[in-house]
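Visitor: Please find the sequence and the predicted model below.
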Amino acid sequence: DAGVTQSPTHLIKTRGQQVTLRCSPKSGHDTVSWYQQALGQGPQFIFQYYEEEERQRGNFPDRFSGHQFPNYSSELNVNALLLGDSALYLCASSPLAPSSASGRRETQYFGPGTRLLVL
Amino acid sequence: QKEVEQNSGPLSVPEGAIASLNCTYSDRGSQSFFWYRQYSGKSPELIMFIYSNGDKEDGRFTAQLNKASQYVSLLIRDSQPSDSATYLCAVKDAGGTSYGKLTFGQGTILTVHP
């Protein structure tokens, strides 16, 4: 049973460029959330996708956008990169439908992350 | 602004001791609480979740929740050097329009020394 996968693992970009990060959720999961984690900080919620729509969004500018595909995989796009966008970008998946394990439907499982460095 | 605060670290305990990690949250309506472990350079890994007041035990880990005090903790018994990591407390937003946003604390760095 494959877990959450993300690509690429590392990425180096320059200011002003655009970047696309990819995520495939865990088998059986249909909801994908994206987080940004700066060094020494906890993850910050960017947005969540379900049924190919952005369902909830955190306090991030419109430069951050996303997409979810029919197979539940997702992309995070960041335009006009700034030095401050350098961070670990985490994708988390969760099942929407109730599962047999009580409470599991709310649990988010993280992928390995993509480390983005903006120069 | 909904906040999650964790006890300031770093926390250092000897091998075999009990490590106690604490977390407070500001949104009184929060219902779901999670503890994640994050090794250096890696992504967060779920340790436990808790929804009801009281204690929940899983092996060497015990999560404690007190909704009246808006407090959640994680106890690690018989701490091992392999437990050395950053521990993240996460709270799921409450409210009818909340679909699963997690708000994280800043993390507590735990070091277990032999």
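Guide: Cool, got the structure. Remember, it's a predicted structure, so these values are computed and weren't measured experimentally. Numbers count the residues shown, from 1 in each chain, chains lettered A, B, ... in the order given.

Visitor: just checking, residue A:78 touches residue A:19?
Guide: Yes - between residue A:78 and residue A:19 there is a contact at 5.1 Å, judged by C-beta atoms under 8 Å. Heads up, the C-betas are built off the backbone N, CA and C, glycines and all.

Visitor: where do the contact lists of those two overlap?
Guide: Common neighbours of residue A:78 and residue A:19 (criterion: C-beta atoms under 8 Å, 6 or more residues apart in numbering or on different chains): residue A:116.

Visitor: closest point of chain B to chain A, which residue?
Guide: residue B:104 (3.3 Å; C-beta to the nearest C-beta).

Visitor: what number of residues lie near the nearest residue in space to that residue that is not next to it in sequence?
Guide: Distances taken as C-beta to C-beta, 6 or more residues apart in numbering or on different chains place residue A:42 nearest to residue B:104, at 3.3 Å, with adjacent residues excluded. Applying other C-beta atoms under 10 Å in any protein chain shown, we find 22 residues neighbouring residue A:42.

Visitor: Tell me which helix or strand residue A:42 sits in.
Guide: Assigned by DSSP states H and E, residue A:42 falls within no helix or strand.

Visitor: Not counting the host helix or strand of residue B:88 itself, show me its contacts.
Guide: Using DSSP H and E, residue B:88 sits within strand B:85-92. Residues outside strand B:85-92 that contact it (C-beta under 8 Å, 6+ apart): A:42-43, A:106, B:2, B:4, B:6, B:21, B:23, B:25, B:27, B:30-40, B:44, B:47, B:72, B:74, B:98, B:100-105, B:107-110.

Visitor: Name the strands paired with it and say parallel or antiparallel.
Guide: strand B:32-38 (antiparallel), strand B:102-104 (antiparallel), strand B:108-113 (antiparallel) (DSSP bridges).

Visitor: which regions of the chain sit below the pLDDT cut-off?
Guide: Picking chain A for this. Low-confidence segments of chain A (pLDDT under 70): A:1, A:96-105.

Visitor: Let me rephrase: I mean chain B.
Guide: B:1, B:94-99.

Visitor: The same query, at a cut-off of 90, please.
Guide: Within chain B, the stretches with pLDDT under 90 are B:1-2, B:7-9, B:27-32, B:51-52, B:92-101.

Visitor: How about the residues of it by chain A?
Guide: Residues of chain B lying close to chain A (C-beta under 8 Å from any C-beta of the partner chain) are B:4, B:32, B:34, B:36, B:42-46, B:49, B:51, B:88, B:90, B:92, B:97-107.

Visitor: Quick check: phi and psi on residue A:25?
Guide: phi -70, psi 170 (degrees, to the nearest 10).

Visitor: residue contacts, it?
Guide: Residue A:25 neighbours (C-beta under 8 Å, 6+ apart): A:4, A:31, A:32, A:72, A:73, A:74, A:91, A:93.

Visitor: The contacts of strand B:85-92, buried ones only, as a ChimeraX selection?
Guide: Burial among the contacts of strand B:85-92 is assessed by 16 or more other C-beta atoms under 10 Å in any protein chain shown; the matching ChimeraX selection reads:
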select /A:42,43,106 /B:4,6,21,23,25,27,30,32,33,34,35,36,37,38,44,47,72,74,98,100,101,102,103,104,105,107,108,109,110
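
Visitor: What distance do you get for the residue of chain B closest to chain A to residue B:45?
Guide: Remark: distance between residue B:104 and residue B:45 (C-beta to C-beta, to the nearest Å) = 14 Å.
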